[in-house]
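K.L.:
Generate a structure from the sequence data that follows.
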Amino acid sequence: AIYYEWTGVLKPLLDRALFPAPQPARYKPGLQNLVWLPTDSKTKIPCTFFEQPKATHLLIYCHGNASDLGTIYYETQGLSNFLNVHLLAMEYCGYGLYDGKPSEERINEDLTQVYKFLTSTVGVPPERIILFGRSLGTGPTCRLASELCKKKVKIGGLVLQSPFTSILDAARSFSSAARFVMAEAWPNVAEIKQVRCPVLFVHGKKDEVIPHVMSTRLFRACPSKQKRLMLSQDATHNCFHLVHDLVKPLANFLKDIAEADASFALPMKLDLLGSVSVGFNVHSFSFSKTASESSLQAPGNNKKNNSNDDDNSDVISGDEDVKLQQVAMPIPRRTSMRLCTTATL
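P.N.:
Next up is the predicted model:
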């Protein structure tokens, strides 16, 4: 009883530590590809939507805890184009332009509302939806996948990048005293036991925030017959090669899904824009040499990247220009694309 009373008193402080939203927001209402999805409670959830003319799947993206739609803009844009998938990135309450206080319950409910809108209103078949969670975002995505699988709903797949077994376990990796002040949240290791759709786990062996052994534990606990575990030798929690460490594993994962059902090879057209409030012009893209040279209005200061890694790679963040391959080009064997983010969990 004393434990629950103590954690209850500390909950506002713990929530603030768990959800360190970037301040101020890293994007503005005029952000290109910004849409507002309606919910049953009459609130509207800001999302970014990237559409591809020949996409076969829709990827719902949930970001890390120190990011917002602005900081992940280039990453999600690149994923959509490299993988040729429709991609909808969801904002969290209390982040970016979405007013309110973030919490586990609110984020879970919002993701459920996004999924419900896409399947019921837009008409996206569940088997064409891939749930993607990064870091903190693996909590709500794993929970939703678990709930849908328990209801015998067949979804396209689940992708977990840098997942934790639970928030409490992740906190314990920093300090053994965490169990005395933190309540449990997003118990992924329990939820994953219900997930039977195709699953991809992606983690860096040099992750200093969430140990990669947590992905191994989740992989072993998952009963899915179609599961993959990809461990990058060099990736940390916040710095990884977009193509080598994420795009290529995802491309192989999607290929396996398509080979399992020939109908998945057929393009899927979406009529999303007729059902949402649009913050700015939304369309599919053809990339020019750099993001700054294209017609995109992207967040940040558009400062040139001057970092010099050993492989002369370009570092991508929400405040820098990025070099992107053109649509329909094959995934390169070597890439100069290296992504560094600001997520702490």
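
K.L.:
For residue 102, grab the count of nearby residues.
P.N.:
As a burial measure, residue 102 scores 21 neighbours (other CB atoms under 10 Å). To be clear about C-beta, it is placed using only N, CA and C from the backbone, and glycine gets the same treatment.

K.L.:
Touching, it and residue 21? I think so.
P.N.:
Yes. With contact defined as CB atoms under 8 Å, residue 102 counts as touching residue 21 (6.9 Å).

K.L.:
Touching both of the two, which residues are there?
P.N.:
Shared contacts of residue 102 and residue 21 (CB atoms under 8 Å, 6 or more residues apart in numbering): 92, 94-95.

K.L.:
closest to residue 17 among those?
P.N.:
Of all the shared contacts of residue 102 and residue 21, residue 17 sits closest to residue 94, with 13.3 Å by CB to CB.

K.L.:
Now the closest one. Nearest residue, chain neighbours left out?
P.N.:
residue 102 (3.8 Å; CB to CB, 6 or more residues apart in numbering).

K.L.:
cool, and residue 169?
P.N.:
residue 214 (6.8 Å).

K.L.:
so the one you found is in which element?
P.N.:
helix 213-221 (DSSP states H and E).

K.L.:
Below-threshold pLDDT in the stretch 101-250 of the chain: ranges please.
P.N.:
173-183 (pLDDT under 70).

K.L.:
now the strands for it?
P.N.:
129-134, 157-161, 199-204, 227-232, 239-241 (DSSP state E, counting those that start in this stretch).

K.L.:
Columns distance to residue 108 and mean neighbour count on top of those strands, output as CSV?
P.N.:
Formatted as CSV, the strands of the stretch 101-250 of the chain follow (distance: least, CB to CB, whole Å; neighbours: other CB atoms under 10 Å):
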stretch, distance to residue 108, mean neighbour count
strand 129-134, 12, 26
strand 157-161, 15, 28
strand 199-204, 19, 25
strand 227-232, 23, 18
strand 239-241, 27, 21
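
K.L.:
Would you tell me which of these gets closest to residue 114?
P.N.:
strand 129-134 (10.2 Å).

K.L.:
got a list of contacts for the closest one?
P.N.:
57-64, 85, 115, 118-119, 139-142, 144-145, 155-163, 254, 343.

K.L.:
are any of the residues you listed buried, and which?
P.N.:
Buried members of the contacts of strand 129-134, counted by 16 or more other CB atoms under 10 Å: 57-64, 85, 115, 118-119, 139-142, 144-145, 155-163, 254, 343.

K.L.:
which residues touch residue 68?
P.N.:
When contacts are counted by CB under 8 Å, 6+ apart, residue 68 touches 21-22, 25-27, 91-92, 95-96.

K.L.:
Can you give me the distance of it to residue 77?
P.N.:
Remark: distance between residue 68 and residue 77 (CB to CB, to the nearest Å) = 15 Å.

K.L.:
for residue 239, same thing?
P.N.:
19 Å.

K.L.:
want to try JSON lines for the strands of the stretch 101-250 of the chain, with distance to residue 262 as columns?
P.N.:
Rendered in JSON lines, the data for the strands of the stretch 101-250 of the chain read as follows (distance: least, CB to CB, whole Å):
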{"stretch": "strand 129-134", "distance to residue 262": "18"}
{"stretch": "strand 157-161", "distance to residue 262": "17"}
{"stretch": "strand 199-204", "distance to residue 262": "21"}
{"stretch": "strand 227-232", "distance to residue 262": "21"}
{"stretch": "strand 239-241", "distance to residue 262": "32"}
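
K.L.:
what's around the closest residue to residue 226 other than its chain neighbours, how many residues?
P.N.:
For residue 226, the nearest residue in space outside its immediate sequence neighbours is residue 198; the separation is 3.9 Å by CB to CB, 6+ apart. By the criterion of other CB under 10 Å, residue 198 has 21 neighbours.

K.L.:
shouldn't residue 198 be in contact with residue 222?
P.N.:
No. Residue 198 is beyond contact range of residue 222, at 10.3 Å (criterion: CB under 8 Å).

K.L.:
ok, residues contacting stretch 203-223?
P.N.:
Under CB under 8 Å, 6+ apart, the answer for stretch 203-223 is 135, 160-165, 169-170, 173, 188-189, 192-196, 199, 201-202, 227, 229-238, 240, 245, 343-345.

K.L.:
on that earlier part again, contact partners for the residue nearest to residue 226?
P.N.:
Residues near residue 198 by CB under 8 Å, 6+ apart: 156-158, 224, 226-227, 253, 256-257, 260.

K.L.:
Residue 137 now?
P.N.:
Contacts of residue 137 (CB under 8 Å, 6+ apart): 61-64.

K.L.:
and these, which of them are in strands?
P.N.:
61-62 (DSSP state E).

K.L.:
List just the nearest of the contacts of residue 137 to residue 39.
P.N.:
Distance to residue 39, by CB to CB, is smallest for residue 62 among the contacts of residue 137, at 15.9 Å.
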